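K.L.:
this one's structure only:
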């Protein structure tokens, strides 16, 4: 009798623990990939901003403001270092592991990614508020660099759940025999996030 009770308890408990583990893996994979993509967008925008600032420092292009050569070159270097750091963390760290989210139903991936991009966007906005409160008067290019964090955070909370995630799910749903097509869901997320953040900055 006791053996039957123990067996019944095991049968009841195993699916509960298996489900918890399953969704923990989904949460980790979705959050890691969303953070990696967000850092890629921040890094790409920041490095892209550093290039014209550096050219302006050498007098090759003109940008708004009356900054002299030294502040422009220093600002470009700081933007480049910050952007390179974000790109390095996103590409070399284990954040993006589980990006494919294999073995999950499409609606599970959709819910996981929606919550993930919203949470990551909120985190970027929190970092922006923190940085804007700490830094004082900084050159305009550096302030623009900080603004990229705000843009990525805002679009992560609004545009990505409404546009980016549905498009990535559509690509995931349209499976073909071509492997490169089946890997387009993450690039779609990046493209939507990048374009939306860039438009938010301009």
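P.N.:
Looks like it arrived, so ask away. None of the values given here were measured: they were computed from a predicted structure.
K.L.:
which non-adjacent residue is nearest residue 57?
P.N.:
Among residues not flanking residue 57 along the chain, residue 72 sits closest, at 3.5 Å (Cβ to Cβ, 6 or more residues apart in numbering). Using the backbone N, CA and C atoms, a C-beta is placed for each residue, glycine as well.
K.L.:
should've said residue 40
P.N.:
Closest to residue 40 by Cβ to Cβ, 6+ apart is residue 90, at 4.6 Å.
K.L.:
show me the contacts for that neighbour.
P.N.:
Residues near residue 90 by Cβ atoms under 8 Å, 6 or more residues apart in numbering: 35-37, 39-40, 43, 96.
K.L.:
out of those residues, who's nearest residue 166?
P.N.:
Nearest to residue 166, judged by Cβ to Cβ, of the contacts of residue 90 is residue 37 at 15.6 Å.
K.L.:
Now for that closest one: which residues touch it?
P.N.:
Listed by Cβ under 8 Å, 6+ apart, the contact set of residue 37 reads 90, 96, 186, 189-190, 193.
K.L.:
Name the helix or strand for it, please.
P.N.:
Element membership for residue 37 (DSSP states H and E) is helix 2-57.
K.L.:
distance between that helix and the chain's centre?
P.N.:
11 Å (Cα atoms, centre = their mean, to the nearest Å).
K.L.:
What's the first helix or strand after it?
P.N.:
As assigned by DSSP H and E, the chain's next helix or strand after helix 2-57 is helix 69-92.
K.L.:
shaky segments in this protein?
P.N.:
Scanning the chain with the threshold set as pLDDT under 70 gives 1-14, 16, 63-66, 93-100, 136, 175-183.
K.L.:
mind checking how far residue 34 is from residue 70?
P.N.:
38 Å (Cβ to Cβ, to the nearest Å).
K.L.:
brain fart, residue 112
P.N.:
In terms of Cβ to Cβ, residue 112 sits 47 Å off from residue 70.
K.L.:
cool, and residue 128?
P.N.:
Residue 128 is 27 Å from residue 70, by Cβ to Cβ.
K.L.:
Please say which of these two ends up with more neighbours.
P.N.:
Comparing residue 128 with residue 70 by neighbour count (other Cβ atoms under 10 Å), the higher total belongs to residue 128, at 19 against 9.
K.L.:
residues contacting that one?
P.N.:
With contact taken as Cβ under 8 Å, 6+ apart, residue 128 is in contact with 146-147, 149-150, 153.
K.L.:
Could you report the neighbour count for the residue nearest to residue 57?
P.N.:
If you count neighbours by other Cβ under 10 Å, residue 72 ends up with 23.
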